[in-house]
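Visitor: make a model of this:
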Amino acid sequence: MATNTMTIEDIVRKTTDLPTMPAAAIRVIREADSSTSTAGTMAQSLAQDQSLSARVLRLANSAYYGLSRRITNLQEAVIVLGMRSIRNLAMVASTYPWMTRPLKGYGLGPRQLWTHSFGVAIGAQLVAQKARLDDADAAFTAGLLHDLGKVALSVWLEDKVAQLIGIAIAEGVTFDEAERRVLGFDHTEVGEYLAESWNLPSVLTQAIRYHHQPNLAEPPSKLVDAVHVGDYLTMTMGFGLGADGLQYEFFEEALERLKLSAEDLDTVTDSFVLAYEGYESMFMELQVA
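Guide: Model (predicted):
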């Protein structure tokens, strides 16, 4: 039985330090999905935010990409790296500032949410590639944003975290189920609300909402499934675990819908470690960007 009297709208209205998404980053997401986009229009969208543009160029020139010459303008970056890679860089640059904050309500220290979210982004992308989904890079974006609601909800859970952990342990339920029992809603619903307020594409809001319960997505979504599997992989490998890492319910049906086997999952896990280590150079760029 929920003991909370606040609604999701109350949470969002009363939280003073909500995560934000630059308008330019949202335009970039839509440009990457548009059949009429060009390198020029993508660059124009990014150029509307000087700080974001600078971060994206810094990331594009990071050691991760190993380019033989320095990229000096946005259009060149789009041409060299591709629209979908630029979309991912814009998302990384936009979310890093607020994803590196500590979240006491979830038992997460500085950078732990970032470590986990970035891991899920990489895992979801690798799963999507293995499943031959049309746009595996959308899985990266969805994975990066999947725990968006935690940033808004954390402050409201600081005095309830012991209660939530107690419920999760005593009753053997997941942390999000404990959230629903105490609050009447969970972080996935808060994340969906925020994502919709930003006018993000529905495929992303759906992944945020159902990453813990992929079987409830209607209609079924392989992107949701990819994020769910990526989240599971990241949890089991211990990347950015907080209080909610106590219980994780994995839905085998997600693998079935993706037409992936247990052996495929092992292959993805091996690739995951290498991919995550490869991205470490980007972390260094973000810390000084």
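Visitor: longest helix anywhere in this protein?
Guide: Taking residue count as the measure and DSSP state H as the definition, the longest helix of the chain comes out as helix 112-130.
Visitor: show me what that helix is packed up against.
Guide: With contacts defined as 3 or more CB pairs under 8 Å, 6 or more residues apart in numbering; DSSP states H and E, helix 112-130 has these neighbours: helix 83-99, helix 136-145, helix 222-236, helix 262-278. Every residue, glycine included, has its C-beta placed from N, CA and C.
Visitor: recalculate using a threshold of 10 Å.
Guide: Using 3 or more CB pairs under 10 Å, 6 or more residues apart in numbering; DSSP states H and E as the contact criterion, the neighbours of helix 112-130 among helices and strands are helix 83-99, helix 136-145, helix 148-157, helix 222-236, helix 252-258, helix 262-278, helix 280-288.
Visitor: angle of the third one against helix 112-130?
Guide: If you take axes from the mean of the first three to the mean of the last three CA atoms, to 10 degrees, helix 148-157 sits at 150 degrees to helix 112-130.
Visitor: buried ones in stretch 41-52?
Guide: Neighbour-count burial for stretch 41-52, with 16 or more other CB atoms under 10 Å as criterion, is recorded at 41-43, 45-46, 49, 52.
Visitor: looking at the helices and strands packed on helix 112-130, which is buried most?
Guide: helix 136-145 (a mean of 28; mean count of other CB atoms under 10 Å).
Visitor: average model confidence for that one?
Guide: Mean pLDDT, taken over the full extent of helix 136-145, equals 93.
Visitor: got the angle between that helix and helix 112-130?
Guide: Angle between the axes of helix 136-145 and helix 112-130 is 160 degrees (criterion: the same axes, to 10 degrees).
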